[in-house]
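> Attaching a predicted model along with its sequence, questions to come.
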Amino acid sequence: MEHTFRPHGDDSHTPHREAGGRFDSDLTARGRFSDSNSWTPEDLYASPPPWDIGRPQSALLALAKAGTVRGRVLDSGCGTGEHALMAASLGLDATGVDLASNALGRARQKAHDRGLAARFLRWDARQLADLGESFDTVLDSGLFHIFTGADRAAYISSLRSALAVGGRYFMLGFSDQETGDRGDRRVQRLTRDEIRQSFTYGWRVDFIEPTTMDSTTDANGIRAWFAGVTRTPEGGRSC
Ligand SMILES: C[S@@+](CC[C@H](N)C(=O)[O-])C[C@H]1O[C@@H](n2cnc3c(N)ncnc32)[C@H](O)[C@@H]1O
């Protein structure tokens, strides 16, 4: 079944791409957020979602405090923008991309309220090459684990096109070590191996560590993997 992406909302100030007119990540293609086949990305934010915690994820905040977030920063699948805003608060050039106009609107409002300079674009994270820009750090909290199959391959290729050689991608995604009912059951839980195997030629996996993702619905957080990956020159290998 094909799920039609119906863009709406005021995005008139934002360069945007409509994902080829469809919002067809595996998550949506399985239709697991709605029984309707005509829902939009904005529906994710119709009521406050559990990942929208109003601050950066602890793992990514620790990374920033350690000075590891640097250069031009892209928050991929930024939602309401906490990680782009975190980078902006460090004085870094920060961009967030997402497909949900209402989330992007909230991100822009937060930037305004906090007096921070960050750019938020309606853009498909699988099509970053078309953005024609280069980043030094890409932060991903909760997007990678949405994608499977061809969407995941497209996303990884997209990430590679957007990262400068030596640039780093940091990913926080649900872990297969979470065996309970906690977390959003609509998205898959990642294994360490599948993360490692996703980043082979042209990437170096620096670490894959167990951690937790903060959530408004789970006081103890949800078990997650935190991965750091470096873009290597063409032909570089994962260690
Ligand atoms: C679990 S939410 C995480 C949001 C944000 N990173 C945070 O930590 O609050 C995943 C986000 O990915 C966005 N998303 C899903 N598919 C996307 C795509 N193809 N391109 C850009 N964003 C996408 C969703 O709209 C949603 O905002």
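That came through fine.
> Which stretches in this structure count as helices?
26-29, 58-65, 82-89, 101-114, 149-162, 192-198 (DSSP state H).
> contacting residues around the residue nearest to G228 when sequence neighbours are not counted?
Nearest in space to G228, with sequence neighbours left out and distances taken as CB to CB, 6 or more residues apart in numbering, is D206 at 4.3 Å. Any C-beta I mention is one placed from the backbone N, CA and C, and that applies to glycine too. The contact partners of D206, by CB atoms under 8 Å, 6 or more residues apart in numbering, come to R168, G228, V229, T230.
> Out of the residues you listed, grab the one that's most surrounded.
V229 (26 neighbours; other CB atoms under 10 Å).
> Reformat the helices of the chain into CSV and put mean neighbour count next to each item.
Formatted as CSV, the helices of the chain follow (neighbours: other CB atoms under 10 Å):
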stretch, mean neighbour count
helix 26-29, 19
helix 58-65, 18
helix 82-89, 25
helix 101-114, 18
helix 149-162, 18
helix 192-198, 15
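> Please tell me how far the residue nearest to G228 sits from D214.
23 Å (CB to CB, to the nearest Å).
> Please apply the same query to I146.
18 Å.
> now do G96
Taking CB to CB, one finds G96 at 18 Å from D214.
> And G173, by the same measure?
When G173 is compared with D214 (using CB to CB), they lie 14 Å apart.
> neighbours around L92, how many?
Considering only other CB under 10 Å, L92 is surrounded by 19 other residues.
> So which residues on this protein come close to the ligand?
Within the chain, the positions adjacent to the ligand are 25, 41, 44, 51-52, 77-79, 82, 97-100, 103, 124-126, 141-143, 146 by CB under 6 Å from any ligand atom.
> Q57 and L172 touch, don't they?
Yes - if you go by CB atoms under 8 Å, Q57 and L172 touch, sitting 5.7 Å apart.
> anything in contact with each of those two?
S141, M213.
> picking up where we left off before, in terms of neighbours, single out the busier of G96 and D214.
For the pair G96 and D214, the greater number of neighbours falls to G96 (30 against 22), based on other CB under 10 Å.
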